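S.K.: No sequence on hand, only this structure:
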């Protein structure tokens, strides 16, 4: 495999895998935030519909 | 008069004479079509796809049928929904409408397992490049590792349409083989002690508002970070938003039933239509099937290894087996984890955790494809 292909492949691997982890980590943080902003309320009179 | 009879008879026998003179590849493909139909009907391996793919393959390999020529039925279906990527996206609306992301929302950290489970994509990319495939073909082959049929079709139809047939058939075949491929890898990579780790039961903690906002937030975040994948994520989240908002039940039902069913039929027939013997039977096809297998094995390896790391970091609170569910094959991968867990301890219930990881894998596979496309765009290759 020539240098250009190695460079392409390794770039895709590092940026691609890193980008996937980063994007999903950010999504996880945002989902945690959503859960904190809109917690599940189970007491009587809550907005939750069961 | 005699000449007229002769030409008329030629019209009747031309198909047979073609088959015997240059139809060898077509005969092999007719046998492959029979095998696909057998797997779909008798073994019930992904029947909704293998039956139309098998029949499309049968139709296109009948000599001189012209079904994939301009104006032919299969060509019309191909141009209508595969060449322009509409079919996989419509299927995604249906998938989004079917999936409950609740178990993932209970523990959003499970999304990281969905990232680890995409390692096979990038490993296979290197492998395809090493085998001499051009860059965009290598990317399209690598996406088989997403374990996600519509994503594989979406990418291949754009960047390697000549490889669409083997890529899509490999993607769906290996998805169906997940219960056979994964368990040996899971057993090799885990210790008996790790396999019996019990995880704390999931407590219900997600509000209606969170479930409703989830698809919008995911669309915004992934759209901003990896805009080239927005059609994929946008359609899956549209389906999920319709499901969660509850006010468009008719559209949700249509998306997960009528639309998904019709599109699946058309998609399968059109993919089968690309399996013409002379075009399909090449050494590349065998290489693609081999790499697809490696991709799914590497997804499982990376998922379980990531599970072992998390297990260590959490002081043994996470069963590494759940890492194997970080792929898109839903809910098969989660079921495999549950079955494997119960092989060693019948009272160990990993299903809910594995389902969370598995839905994370669904999002992860789309994100990985979106990231790859955006990186390619950034590099000026598309």
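M.R.: Structure's in. What do you need? Just so we're clear, the structure is a prediction, and the values are computed from it rather than from any experiment. Numbering: from 1, shown residues only, chains lettered A, B, ... in the order given.
S.K.: State the mean pLDDT of the host helix or strand of residue B:188.
M.R.: Element membership for residue B:188 (DSSP states H and E) is helix B:178-189. Helix B:178-189 shows a mean pLDDT of 95.
S.K.: now that helix, how far from the chain's geometric center?
M.R.: 19 Å (CA atoms, centre = their mean, to the nearest Å).
S.K.: That one: which residues count as buried?
M.R.: B:178, B:181-183, B:185-186, B:189 (16 or more other CB atoms under 10 Å in any protein chain shown). (Glycine included, C-beta is placed from N, CA and C.)
S.K.: Give me the contact list for it.
M.R.: B:147, B:174, B:293, B:296-297, B:300-301, B:304-305, B:308, B:320-321, B:324, B:327, B:329, B:332-333, B:335-337, B:339-340 (CB atoms under 8 Å, 6 or more residues apart in numbering or on different chains).
S.K.: So which of these belong to helices?
M.R.: B:174, B:293, B:296-297, B:300-301, B:304-305, B:308, B:332-333, B:335-337, B:339-340 (DSSP state H).
S.K.: Weed out the non-buried ones from the contacts of helix B:178-189.
M.R.: Looking at the contacts of helix B:178-189 with 16+ other CB under 10 Å, the buried ones turn out to be B:147, B:174, B:293, B:296-297, B:300-301, B:304-305, B:308, B:320-321, B:324, B:327, B:329, B:332-333, B:335-337, B:340.
S.K.: Show residues contacting stretch B:50-70.
M.R.: By CB under 8 Å, 6+ apart, stretch B:50-70 touches B:14-16, B:18-19, B:23, B:26, B:29-30, B:32-37, B:39-41, B:72-75, B:78, B:168-169, B:172, B:176, B:264-265, B:267-277.
S.K.: check those residues against chain A, which are close?
M.R.: Among the contacts of stretch B:50-70, none lies close to chain A by the criterion of CB under 8 Å from any CB of the partner chain.
S.K.: Those in strands, which ones?
M.R.: Members of these lying in strands (criterion: DSSP state E): none.
S.K.: Give me the pLDDT value at the closest residue to chain A within the stretch 1-150 of chain B.
M.R.: Per CB to the nearest CB, residue B:108 is where the stretch 1-150 of chain B lies closest to chain A, at 3.8 Å. In this model, residue B:108 is scored at 93, pLDDT.
S.K.: Which residues of the stretch 51-200 of chain B lie near chain A?
M.R.: By CB under 8 Å from any CB, the residues of the stretch 51-200 of chain B that approach chain A are B:104-105, B:108-109, B:111-112, B:114-115, B:118-119, B:121-123, B:125-126, B:129-130, B:132, B:135, B:138-139.
S.K.: Show the buried residues in those residues.
M.R.: Buried among these (16+ other CB under 10 Å): B:104-105, B:108-109, B:111-112, B:114-115, B:118-119, B:121-123, B:125-126, B:129, B:135, B:138-139.
S.K.: So which residues of the stretch 101-250 of chain B form helices?
M.R.: Using DSSP state H, counting those that start in this stretch, the helices of the stretch 101-250 of chain B run over residues B:102-106, B:111-116, B:119-130, B:135-142, B:149-159, B:164-176, B:178-189, B:192-195, B:208-225, B:230-245, B:249-254.
S.K.: Give me whichever of those helices is most buried.
M.R.: Highest mean neighbour count among those (mean count of other CB atoms under 10 Å in any protein chain shown): helix B:111-116, with a mean of 28.
S.K.: what's the average pLDDT for that one?
M.R.: 96.
S.K.: how distant is it from the center of its chain?
M.R.: Worked out by CA atoms, centre = their mean, helix B:111-116 lies 17 Å from the chain centre.
S.K.: for stretch B:193-205, same thing?
M.R.: 28 Å.
S.K.: swap in stretch B:173-180?
M.R.: Distance, centroid of stretch B:173-180 to centroid of chain: 11 Å (CA atoms, centre = their mean).
S.K.: same thing with stretch B:324-333?
M.R.: On CA atoms, centre = their mean, the centre of stretch B:324-333 falls 11 Å from that of its chain.
S.K.: is chain A contacted by it?
M.R.: No - counting by CB under 8 Å from any CB, chain A is not contacted by stretch B:324-333; separation bottoms out at 10.1 Å.
S.K.: Contacts for that stretch, please.
M.R.: B:99, B:113-118, B:146-148, B:151, B:175-176, B:178-179, B:182, B:185-186, B:296, B:299-300, B:303-304, B:306-307, B:334, B:336-337, B:340, B:354-355, B:357-362, B:364-366.
S.K.: How about the contacts made by the closest residue to residue B:316 other than its chain neighbours?
M.R.: Closest residue in space to residue B:316, ignoring its immediate chain neighbours: residue B:197 at 6.0 Å, by CB to CB, 6 or more residues apart in numbering or on different chains. Going by CB under 8 Å, 6+ apart, residue B:197 touches B:311, B:316-320, B:348.
S.K.: Tell me how many other residues crowd residue B:38.
M.R.: 13 (other CB atoms under 10 Å in any protein chain shown).
S.K.: Tell me how far it lies from residue B:309.
M.R.: The gap separating residue B:38 from residue B:309 is 42 Å, by CB to CB, to the nearest Å.
S.K.: same check, this time on residue A:10
M.R.: Distance from residue A:10 to residue B:309, by CB to CB: 22 Å.
S.K.: Do a quick rundown of the helices in chain A.
M.R.: Using DSSP H, helices in chain A cover A:3-37.
S.K.: Contacts for stretch B:270-280, please.
M.R.: In contact with stretch B:270-280 (CB under 8 Å, 6+ apart) are residues B:23-29, B:32-33, B:52-61, B:67-68, B:74-75, B:77-78, B:80-82, B:87, B:153, B:162, B:164-166, B:168-169.
S.K.: shaky segments in chain A?
M.R.: A:1, A:43-50 (pLDDT under 70).
S.K.: in it, which residue is closest to the centre?
M.R.: residue A:24 (2.0 Å; CA atoms, centre = their mean).
S.K.: ok, it touching residue B:113?
M.R.: No - Residue A:24 sits out of contact with residue B:113 when judged by CB atoms under 8 Å, with a separation of 9.1 Å.
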